[in-house]
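K.L.:
sequence first, predicted model second:
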There are 4 protein chains.
Amino acid sequence: MIVVMQDAAGEKHIQHVIERMVELGFNVHRTTGETQTILAGVGSPDHFEIAEFKMLSGVHDAYRISSPYKLAGRNFRPEGTRIRFQNGVVIGGEQVILMAGPCSVESREQILTSAKQVKAAGAQFLRGGAFKPRSSPYSFQGMGLDGLKLLQEVGQQTGLLVITEVMEISQIELMLPYIDCFQVGARNMQNFNLLRELGHVRKPVLLKRGIAATIEEVLLSAEYILSGGNYELMLCERGVRTFETYTRNTMDISAIPVLKKLTHLPVFGDPSHGVGIREFVPAMAMASVAAGADGLLMEMHPNPDKAMSDGAQSLYPAQLTELVNKLRGIAAVVGRSIV
Amino acid sequence: MIVVMQDAAGEKHIQHVIERMVELGFNVHRTTGETQTILAGVGSPDHFEIAEFKMLSGVHDAYRISSPYKLAGRNFRPEGTRIRFQNGVVIGGEQVILMAGPCSVESREQILTSAKQVKAAGAQFLRGGAFKPRSSPYSFQGMGLDGLKLLQEVGQQTGLLVITEVMEISQIELMLPYIDCFQVGARNMQNFNLLRELGHVRKPVLLKRGIAATIEEVLLSAEYILSGGNYELMLCERGVRTFETYTRNTMDISAIPVLKKLTHLPVFGDPSHGVGIREFVPAMAMASVAAGADGLLMEMHPNPDKAMSDGAQSLYPAQLTELVNKLRGIAAVVGRSIV
Amino acid sequence: MIVVMQDAAGEKHIQHVIERMVELGFNVHRTTGETQTILAGVGSPDHFEIAEFKMLSGVHDAYRISSPYKLAGRNFRPEGTRIRFQNGVVIGGEQVILMAGPCSVESREQILTSAKQVKAAGAQFLRGGAFKPRSSPYSFQGMGLDGLKLLQEVGQQTGLLVITEVMEISQIELMLPYIDCFQVGARNMQNFNLLRELGHVRKPVLLKRGIAATIEEVLLSAEYILSGGNYELMLCERGVRTFETYTRNTMDISAIPVLKKLTHLPVFGDPSHGVGIREFVPAMAMASVAAGADGLLMEMHPNPDKAMSDGAQSLYPAQLTELVNKLRGIAAVVGRSIV
Amino acid sequence: MIVVMQDAAGEKHIQHVIERMVELGFNVHRTTGETQTILAGVGSPDHFEIAEFKMLSGVHDAYRISSPYKLAGRNFRPEGTRIRFQNGVVIGGEQVILMAGPCSVESREQILTSAKQVKAAGAQFLRGGAFKPRSSPYSFQGMGLDGLKLLQEVGQQTGLLVITEVMEISQIELMLPYIDCFQVGARNMQNFNLLRELGHVRKPVLLKRGIAATIEEVLLSAEYILSGGNYELMLCERGVRTFETYTRNTMDISAIPVLKKLTHLPVFGDPSHGVGIREFVPAMAMASVAAGADGLLMEMHPNPDKAMSDGAQSLYPAQLTELVNKLRGIAAVVGRSIV
């Protein structure tokens, strides 16, 4: 930490700041200039708030110089995290992994058809919501446990791994037997109690960026899961909220290479939520892979016009197939591959 | 709902849209112009997604004309909601209600001192966190149940009502015996499972706006609680996230009069989180009351420089007292009062 | 400036950074910790880019510790700037100054009626656009020189000072004889050539914050005018662009007290553009004064429903009168007055 | 235009709205439902403000259904605009066009070296600023006319076309003899007087999106230039301002395919300003081409560490060469090519 004192700061204020830094566990190096004193705090105490120092009397400004996350940082595992599944699929390796499927599980027929189409297009994972977080209490809220069972059945039948969203601590136990990967949605990225519990589970988690979360906050939320002991974690950019209303969100493609630099965790892109409009999903999927994504999460529905949720952003089956073919070309350019 | 067809839309596409509208429960009025057909859907089906219609073939654009919330709308209770507490305090009436206290309960001495200072300054409620949502897993996470007990004890001793934040469904039962009002924080504004459970409780709730939540989304989240049967609900503006970094958040003061128009629920302002810097809190508190707030939620700490969380935005006790005196003047100008 | 080197930074990289700092005119103080080296640059060279240092090899991060503006800073004139007009009106003093009038000058009758109503309500300035910046080339673009002449005529007749927007260097000379104060609109806040020219004029300027301008950028734009020698400058908060679409902009009321702290320049609020909806303008006007504004800029039109621009946010004459009465009460609470 | 009346709207209010619509040139179709009246205005008057109707008594809401721009719309030239230069370069065709060079022209040697490197890497255009818009009046403001002369000289020597930024009407005449294409920067996207003048010029213009400009506003600004008669226009996404501070801006890659749909004008990406950090520029350049960009504008400097501006986001020469090789691969996947 660095504290820059005001030009006129008196010795009393300087000493007070030094004492507080020492109290927190910092070693303090002092630089006394002609007009300004600078205090450099060396060490990394578990807990301090930089805002506290900005407010102390006589302080001009204060800066945190170590990242507030430790386990999520690239340094912790410079070679990058690889997540291996029983059927041999590896996330974070040379292959770009595709997860696709409908927003919600609606019926056996719908999810089975989806799974076959998704598999044929080249995906390794089937996505589908059983419990849905909906802005309105009057919207379809998902099939619940029945949806989970259908996901498992259909996943086994088609040889696809299964990922679904968990919204609540009580759903964790319920979901464990049926799925291969938990998904934490944007709205729950700072549901810290949920994150903490997921840290105690031994099953991979995909954590989505919140719509107004900074990259640092994403990594702090990741830290909640990692610090519980669950290292099978991947992150996902899915669009942030800006002033632009033409698209549902503004997909921050740059978050993909930035996260790849800052953390060892695999990074996915979700172009469906990223733009929210079917016809722009392929362009954003290609952009994500071109920018270095380790995988994609995409919505596809056998009949998007009749989907019970998110139909507007779900690809038609044929679109997905055509897109994956192009993605193979993009992946090759950036030294990756798609099965 | 209104659907505007493209200039070139064929009869087949028009009929398809009409069928889908009828299927959802709308009566459809058709206006066929020289170049453009407009379909007006009358009625209010429980569940439809406007985005679905925007994507249908031949559609130029589609607009929702009824609000997606019902119970939260001003029409539902035009005279406004009043929440009455056992000690006679009324929220939503002529009086502007003050809730103040530290960010976290830290010890008996700290919370008792806080309560006395807050009471002396003119507040009706003591605020204080027992379970804290912290961005970092390494930050102080609150005293838990012990904090709740201290809040109750100190509230009874000083004659203050008590409000604290609930983060998790499992905390609801735990908190019920100790507190007078639940607070839902910005990060949980779209934790829909938590909201649904709070709808089944018979205790008032203060729901904070999320940092990137639109006003419509705030009202949809309110609808989750109201539709469960809990009508003792108030809303709170506490700053949204923008590009400006000088302040912690950008407090959207206009949300106060806008919400007062759109809903019957009382509306609070939280200037402490709104700006995040102590010295600007009084100006924003006065602005909130000038703009029509029914109450304020503010952080005050007996010794902010030593606070375990949010010290930088906590008022000194003397500042709070001075501020309340000015607030009385502002309240009078807008036809309100502060005890 | 402070440069924090990476843990592993070699001496070669450290020396390179030091050389670059010295080259720019800094005295460098070096703190060598066990793992990390910190370089504090003392002095204030006219020109350097902090981003350059962040990118140098071996650098972890770099921070600017002096403000990039000098003349605009509060220290330059701690007692605050007062702008005096020939008729005795003073901006930046104890009085809160009111500027009101229609968005555009439309006709002699319209602007004369407006002036009388504005004067009667208590304003000191008549505002009105002669040259209009419109998003669409097909919208009404203003009356031009004829509008300027009408503003002057009507101002003299009613005893009001006149303020109008300047959009282009070539308009400066044209406007000088007719007006009392230039206004620079949000869209031109970073039209640096225009700002530089206004620095050479001897007439007051009101500079509006851009819709996506940080507070620091507002002060840097102010610096362009001040550094040209024109110290009769005031700033104006008029709403920033956020994700919220219910209001036209999100008025950042906190920018008022923040600017009052950072600069000696008077600070105005423009609640009309701040929210863009007539019925919320009074609440935001009151909030602005409660938060410490030195004045208000407001749109009023004798017949808003027929206004050629911005009718939706223009007050009715009677609304303005009623509002000013309340503003007098608010001003009194914060130690100010309105004539 | 569609106006939805309030449930309780009386006939008087309905008639008033109809009269106003007719006055503006609309044909009005009325749908009278059981509770609600809907008025559809057919026709496209040159000038009306939808906000005006939202405020009229009895109105629930109002929607614009035609785009406010005409010449910029895709319908105006469905096959797409191609801009041809004397040396045979075509923008908007099958080839992806590359424009690269330093932020500022600093000296003959610097710009000549840049030009050679840029040419060798595969670019068709040399970019370089002669007049610089700088946030601070104390920053380097460019070489002015001398810079223009150097650009021309070096362009001719290397066979590169030349593009430079115009900030002011008075610079247009000055620049005309020396350059091949004008660039309008983000800060001037709504400098309408400048845009209008550029409409009267017979030289191509590249118009950058403002940092807080919606896609609709970009197209309205384009309309200013097109309506003056200059159809040789291209647009450029260069990052918007959001809450994220890790990158300089948030590059809205989705704006590229969205603009390609809405307008016939060629669309460029500027990854250098888009992220502002050298190491992420290649990923964003590739993402731009993958998403359908017709060209790229990129900063490269022979010695970025010594650049007088924007060094932090300028590529090293070798990086540019390597990047262009990858871009060729990406272009091929999306059916384009790079020479």
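P.N.:
Looks like it arrived, so ask away.
K.L.:
how about the residues of the stretch 51-200 of chain A by chain B?
P.N.:
A:51-52, A:54-56, A:68-69, A:133-140, A:167-170, A:187-188, A:190-193, A:196 (C-beta under 8 Å from any C-beta of the partner chain). For every residue, glycine as well, the C-beta is placed using N, CA and C.
K.L.:
filter these down to the buried ones and hand me the PyMOL line.
P.N.:
Per 16 or more other C-beta atoms under 10 Å in any protein chain shown, the buried members of these correspond to this PyMOL selection:
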select buried, chain A and resi 51+52+54+55+56+68+69+133+134+135+136+137+138+139+140+167+168+169+187+188+190+191+192+193+196
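K.L.:
in helices only, show me the residues of the stretch 51-200 of chain A next to chain B.
P.N.:
Among those, the subset assigned to helices under DSSP state H consists of A:51, A:52, A:54, A:55, A:169, A:170, A:192, A:193, A:196.
K.L.:
I'd say residue A:174 and residue A:148 touch.
P.N.:
Yes - with contact taken as C-beta atoms under 8 Å, residue A:174 and residue A:148 are classed as touching, separated by 7.2 Å.
K.L.:
for the two, indicate the residue with more neighbours.
P.N.:
When neighbours are counted by other C-beta atoms under 10 Å in any protein chain shown, residue A:148 comes out ahead of the other of residue A:174 and residue A:148, with 24 against 16.
K.L.:
what number of residues lie near the closest residue to chain D within the stretch 51-200 of chain A?
P.N.:
Scanning the stretch 51-200 of chain A for proximity to chain D using C-beta to the nearest C-beta identifies residue A:67 as nearest, at 11.7 Å. By other C-beta under 10 Å, 18 other residues sit near residue A:67.
K.L.:
got the contact list for whatever residue of the stretch 101-250 of chain A ends up closest to chain B?
P.N.:
Distances between the stretch 101-250 of chain A and chain B by C-beta to the nearest C-beta are smallest at residue A:212, namely 3.3 Å. Residue A:212 makes contact with A:240, A:241, B:210, B:211, B:212, B:241, D:243 under the criterion C-beta atoms under 8 Å, 6 or more residues apart in numbering or on different chains.
K.L.:
which residues touch the first one?
P.N.:
Taking C-beta under 8 Å, 6+ apart as the criterion, residue A:240 is in contact with A:209, A:211, A:212, A:213, A:249, A:250, A:251, A:252, D:242, D:243, D:244, D:250.
K.L.:
got a winner among these for most neighbours?
P.N.:
If you rank the contacts of residue A:240 by neighbour count (other C-beta under 10 Å), residue A:251 sits at the top with 31 neighbours.
K.L.:
residues making contact with stretch A:317-329?
P.N.:
Counting contacts by C-beta under 8 Å, 6+ apart, the residues outside stretch A:317-329 that touch it are A:96, A:98, A:100, A:117-118, A:120-123, A:278, A:281-282, A:285-286, A:289, A:296, A:298, A:300, A:302, A:315, A:337-338, D:329, D:332-334.
K.L.:
any regions of chain A where pLDDT drops low?
P.N.:
Under the criterion of pLDDT under 70, the regions of chain A flagged as low confidence span A:46.
K.L.:
please, where are all the helices along it?
P.N.:
A:11-24, A:50-55, A:108-121, A:145-158, A:169-175, A:192-198, A:215-226, A:255-262, A:271-275, A:281-290, A:317-333.
K.L.:
so who does the closest residue to residue A:124 other than its chain neighbours touch?
P.N.:
For residue A:124, ignoring the flanking residues on the chain, the nearest one in space by C-beta to C-beta, 6 or more residues apart in numbering or on different chains is residue A:89 at 4.9 Å. Taking C-beta under 8 Å, 6+ apart as the definition of contact, the neighbours of residue A:89 are A:97, A:124, A:125, A:161.
K.L.:
which two from those residues end up farthest apart in space?
P.N.:
Farthest-apart pair in the contacts of residue A:89 is A:97 and A:161; separation 9.3 Å (C-beta to C-beta).
K.L.:
between the two, which one's more packed in?
P.N.:
residue A:97 (25 against 21).
K.L.:
can you name the residues that contact that one?
P.N.:
With contact set as C-beta under 8 Å, 6+ apart, residue A:97 has these partners: A:89, A:91, A:124, A:125, A:268, A:294, A:295, A:296.
K.L.:
let's have those in JSON lines, adding distance to residue A:80.
P.N.:
Written out in JSON lines, the entries for those read as follows (distance: C-beta to C-beta, whole Å):
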{"residue": "A:89", "distance to residue A:80": "16"}
{"residue": "A:91", "distance to residue A:80": "10"}
{"residue": "A:124", "distance to residue A:80": "18"}
{"residue": "A:125", "distance to residue A:80": "20"}
{"residue": "A:268", "distance to residue A:80": "14"}
{"residue": "A:294", "distance to residue A:80": "9"}
{"residue": "A:295", "distance to residue A:80": "13"}
{"residue": "A:296", "distance to residue A:80": "18"}
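K.L.:
just the buried ones from the residues you listed?
P.N.:
With neighbours counted by 16+ other C-beta under 10 Å, the contacts of residue A:97 contain buried members at A:89, A:91, A:124, A:125, A:268, A:294, A:295, A:296.
K.L.:
my guess is the fourth one meets residue A:159, correct?
P.N.:
No - the pair residue A:125 and residue A:159 fails to qualify as a contact (C-beta under 8 Å) at a distance of 11.0 Å.
K.L.:
near chain C, which residues of chain A?
P.N.:
A:2, A:4, A:27, A:29, A:31, A:33-36, A:38, A:40, A:42, A:60-61, A:63, A:65, A:241-243, A:245.
K.L.:
at 6 Å instead, please
P.N.:
Taking C-beta under 6 Å from any C-beta of the partner chain as the criterion, chain A approaches chain C at residues A:2, A:4, A:29, A:31, A:33, A:38, A:40, A:42, A:63, A:65, A:241, A:243.
K.L.:
which of these lies closest to chain B?
P.N.:
Using C-beta to the nearest C-beta, residue A:241 is the member of these that sits closest to chain B, with 4.7 Å.
K.L.:
that closest one reaches residue A:213, doesn't it?
P.N.:
No - here residue A:241 lies out of contact with residue A:213, judged by C-beta atoms under 6 Å, at a distance of 10.0 Å.
K.L.:
and the contacts of residue A:89, which is closest to residue D:217?
P.N.:
Distances from residue D:217 to the contacts of residue A:89, taken as C-beta to C-beta, are shortest for residue A:97 (38.3 Å).
K.L.:
and the gap between the closest residue to that closest one other than its chain neighbours and chain D?
P.N.:
Of all residues beyond its chain neighbours, the one nearest residue A:97 is residue A:295 (3.7 Å), with distances taken as C-beta to C-beta, 6+ apart. Counting by C-beta to the nearest C-beta, to the nearest Å, the gap between residue A:295 and chain D amounts to 16 Å.
K.L.:
beta-bridge partners for residue A:295, please?
P.N.:
Bridge pairing for residue A:295 (DSSP bridges) gives the partners residue A:97, residue A:268.
K.L.:
so who does it touch?
P.N.:
Under the criterion of C-beta atoms under 6 Å, 6 or more residues apart in numbering or on different chains, the contact list for residue A:295 reads A:96, A:97, A:268.
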